[in-house]
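Trainee: fold the following and give me the result.
(2 chains)
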Amino acid sequence: MNTIRAVFSKTAAAFLIAGTILGGGAEIAHADSTLTIATVNNGDMIVMRELSSEFEKAHPGVHLNWVTLEENILRQRVTTDIATGAGQFDVMTIGNYEVPIWAKQKWLVELKPDANYDLDDLIPTVRSGLTVDGKLYAMPFYAESVMTYYRKDLFQKAGLTMPEAPTYDQIRQYADKLTDKSNQIYGVCLRGKPGWGENMAFVTSLANTYGGQWFGMGWKPMLDTPAWKGAINWYVSALNADGPPGATSNGFNENLALFSTGHCAMWIDSTVAGGLLFDPKQSQVADKVGFTASPKGPYGKGPTWLWTWNLAVPASSKHIQDAEAFVTWATSKDYVNLVAQKKGWVAAPAGTRKSTYENAEYQKAAPFAKFVENAINEAGPDAPTAEPRPYTGAQFVIIPQFQAIGTQVGQTIAAALSGQMTVDQALAASQASTTRTMRQTGYLH
Amino acid sequence: MAGQRARGKSLVIAAVGWVVAIWIFFPIFWMFLTSFKGEAGAIATPPRLFFVPTLESYHEVFQRGNYWRVTFNTLGVSIGATVVALLFSIPAAYAMAFLPGKRTRGTLLWMLSTRMLPPVGVLVPIYLIARNTHLLDTVTGLALVDMFTNLPITVWMLYTFFREIPVPILEAGRMDGASRWQEITRVLLPLATPGIASTALLSMILCWNEAFWSLNLTSSNAAPLAAFIASFSSPEGLFFGKLSAASTLAVAPILVFGWISQKQLVRGLTFGAVK
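Mentor: Just a heads-up that it's a prediction; the model follows:
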């Protein structure tokens, strides 16, 4: 009896002590400030983390704690934290979709960098995506748009030449000629995995260059228009005839794996793939990759695609001043130069600063630089659409409901791609579900 | 003839057993192989079974993440949550098994029904409670949530084990003058040790593998292995090699633990199954 009592009391005591030691670790107050930075596991962020010791050296007393998460988990995590005002993070890595929405909720701190930061050096379309009512709420870390990657060797073998400004009709013709399914070479690889940031990023940009848009004035959904039908018919028909099997499972990473192992003749996707495809350590076709602008459709303008990863300071942070100093450092010209010095110019964060593109060494190291710069310059959140629109956003619509709407429409488009429904049925269903959501949320009356 | 038929039957059962075991184990085996392939090898098509192994992925994982710290956190959460869960569930299961009331069955089913709620449905209230009690990003906070999440399972398991213990044995103890406390500690617990051990093991494994609360309630100080694995997944760029290496390192301790204690686990799980 006494033994058992002793065991019980010892166990309880051990647990309490362990809990106090382990749990209490979180509450130990630091004399200096410790910034907790939430970020994604992308190449540029990994470099930032590696080089952040330079920031700590320049700011004695400021320590950095890193929380690296997968994009969707990060989005859920930081949204919960900022919405409840918990203040777990001092710096957040967020996209240009979140910045305007969160800024309007007063969840973000307005950033006012000094003259050395050179705000005018930021690419205007990128800066405008982070500005609400003339105030800057996040600083761009890197930006990406869309371009076409192709295999120079396969084009040469087939006697084809890729134009500098291809059309989607030309892409389809080339894809038909280059597809060799017996050798697992597929004419064109495109995103098919459902999701507002997956297939719908490409599909929105495709629809845009066909003259399509999400909403007309008065927030009436416009998904059953001839422009969307033309775009989705092209998409479904091209992927079914010339795409890899199981295309509905392919997102950016899956297509990157397919292209870099030599299974795709063409791939239209984010400009960020350039650095990865040209890297011989990651790509088996590094010396055979060609690139050109993203194709255009009948509308002639577009396509619009602009994604920026930005650093923002939540209003719930307890170290706002130090967090601002970090954000300024990591997005400055000096940081770009530091990356170039330590990792080479090809690793410099792309798409944010005009000075990077004016640098001769960067132009030499990143042959795709001009295409990226042009694509980003044309792809602002206010880029033109065939008809006037009530919303901003390039390959997405900057309203809180878009994540749900985009993913639902993405699932319907994937169903059309896999043959579960026709394109007309898919677009009618998308129009109906989007109209319903817009009514429920009060946009449509 | 009958012997031959029995032998044939047992051979078929053994073959089916092997197929199922390989089917279940294959993903772990493939993850282990992928962890030694490097990023380019990990995405090679067709996938390679034979290759020159490299420790490149492990090297990067150790360089970028603090493996020992997150393992220590995971151990703290798993052991803490399991010990507290047992302290609550043993008396609860005892009361329900030996002193049942009119609503015992209903209470048990209600407890189990809480497992049917998708965790994300209560994310915001639990997050707010954790924030207000300063338990966000602490091992104590995560252990408490894991403990409450697993409590219905531990109570149910112990209730099932306790029900298998013949009541006359407990009555005999009472006849000899044992108090309630002595009845539980001297008669019931020694008899139910295999059941308690397997409940504890299951609770440990559930806590070790828990991802949703681990990712949402911790950030840097109390991040467990689930958060460690998630940090190697990337929306842009190749990561299968590093992810496999991180996952292998995460499952290794619990796999070894499960291997060592498998006899106890199987004994506990089948306790009372055959009379």
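
Trainee: neighbours of residue B:39, how many?
Mentor: Applying other C-beta atoms under 10 Å in any protein chain shown, we find 21 residues neighbouring residue B:39. Quick note: C-beta positions are derived from backbone N, CA and C, even for glycine.

Trainee: my read: it touches residue B:244, true?
Mentor: No: Residue B:39 lies out of contact with residue B:244 (C-beta atoms under 8 Å); the separation is 10.3 Å.

Trainee: need the overlap of contacts for the two.
Mentor: Residues within reach of residue B:39 and of residue B:244 at once, by C-beta atoms under 8 Å, 6 or more residues apart in numbering or on different chains, are residue B:57.

Trainee: need the contact list for residue 90.
Mentor: Going with chain A. With C-beta under 8 Å, 6+ apart, residue A:90 has these contacts: A:35, A:36, A:37, A:313, A:314, A:317, A:318, A:319, A:320, A:322, A:323, A:326.

Trainee: was after chain B, sorry
Mentor: Residue B:90 neighbours (C-beta under 8 Å, 6+ apart): B:158, B:184, B:189, B:196.

Trainee: what comes up buried for the helix or strand hosting the last one?
Mentor: To tie it back to what came earlier, the one meant is residue B:196. Using DSSP states H and E, residue B:196 maps to helix B:193-209. By neighbour count on 16 or more other C-beta atoms under 10 Å in any protein chain shown, the buried set for helix B:193-209 is B:194-208.

Trainee: dump the helix or strand just after it to CSV, keeping only the CA atoms.
Mentor: Using DSSP H and E, the helix or strand that directly follows helix B:193-209 along the chain is helix B:212-217. What follows is helix B:212-217, C-alpha atoms only, in CSV (Å, rounded to 0.1, in the frame of the first residue of the first chain):
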residue,chain,number,x,y,z
PHE,B,212,-3.4,18.7,-35.9
TRP,B,213,-3.0,20.2,-32.4
SER,B,214,0.8,19.9,-32.6
LEU,B,215,0.9,22.1,-35.6
ASN,B,216,-1.7,24.6,-34.4
LEU,B,217,-0.8,25.1,-30.7
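
Trainee: what packs against the very next helix or strand once past helix B:212-217?
Mentor: Next in sequence after helix B:212-217, counting helices and strands by DSSP H and E, comes helix B:225-230. Secondary-structure packing of helix B:225-230 (3 or more C-beta pairs under 8 Å, 6 or more residues apart in numbering or on different chains; DSSP states H and E): strand A:62-69, helix B:67-98, helix B:212-217, helix B:240-260.

Trainee: quick one: low-confidence residue ranges for the stretch 51-200 of chain A.
Mentor: The model of the stretch 51-200 of chain A has no residue with pLDDT under 70.

Trainee: got the contact list for residue A:35?
Mentor: Contacts of residue A:35 by C-beta under 8 Å, 6+ apart are A:62, A:63, A:64, A:65, A:90, A:91, A:319, A:322, A:323, A:326.

Trainee: kindly write the PyMOL command that selects the buried subset of those residues.
Mentor: Remark: buried members of the contacts of residue A:35, expressed as a PyMOL selection using 16+ other C-beta under 10 Å:
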select buried, chain A and resi 62+64+90+91+319+322+323+326
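
Trainee: can you tell me the element residue A:149 falls in?
Mentor: strand A:146-151.

Trainee: do stretch A:97-109 and chain B come into contact?
Mentor: No: Stretch A:97-109 stays clear of chain B (C-beta under 8 Å from any C-beta of the partner chain), getting no nearer than 13.7 Å.

Trainee: quick one: the residue of the stretch 51-200 of chain B found nearest chain A from residue B:214, how far?
Mentor: Nearest residue of the stretch 51-200 of chain B to chain A (C-beta to the nearest C-beta) works out as residue B:140 at 3.1 Å. Applying C-beta to C-beta, to the nearest Å, the value for residue B:140 to residue B:214 is 14 Å.

Trainee: these two touch, right, residue A:417 and residue A:247?
Mentor: Yes: counting by C-beta under 8 Å, residue A:417 touches residue A:247, with 6.2 Å between them.

Trainee: quickly list what's touching both of these two.
Mentor: A:192, A:239.

Trainee: near chain B, which residues of the stretch 51-200 of chain A show up?
Mentor: The stretch 51-200 of chain A comes close to chain B at residues A:65-71, A:73, A:76-77, A:80-81, A:83-84, A:86, A:88-89, A:184, as judged by C-beta under 8 Å from any C-beta.

Trainee: still on that earlier bit, dump the helices and strands packed on helix B:225-230 to JSON lines, plus distance to residue A:172.
Mentor: What follows is the helices and strands packed on helix B:225-230, written out as JSON lines (distance: least, C-beta to C-beta, whole Å):
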{"stretch": "strand A:62-69", "distance to residue A:172": "39"}
{"stretch": "helix B:67-98", "distance to residue A:172": "49"}
{"stretch": "helix B:212-217", "distance to residue A:172": "42"}
{"stretch": "helix B:240-260", "distance to residue A:172": "32"}
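
Trainee: state the helix or strand in which residue A:290 lies.
Mentor: Going by DSSP H and E, residue A:290 is part of strand A:289-293.

Trainee: who does that strand pair with, and is each partner parallel or antiparallel?
Mentor: Each strand paired with strand A:289-293, and its direction, by DSSP bridges: strand A:146-151 (antiparallel).

Trainee: which SSE is immediately downstream of the partner strand?
Mentor: helix A:152-157.

Trainee: which other residues reach that following helix?
Mentor: Contacts of helix A:152-157 (C-beta under 8 Å, 6+ apart): A:161, A:162, A:174, A:178, A:185, A:265, A:288, A:289, A:290.

Trainee: nothing else from me, thank you.
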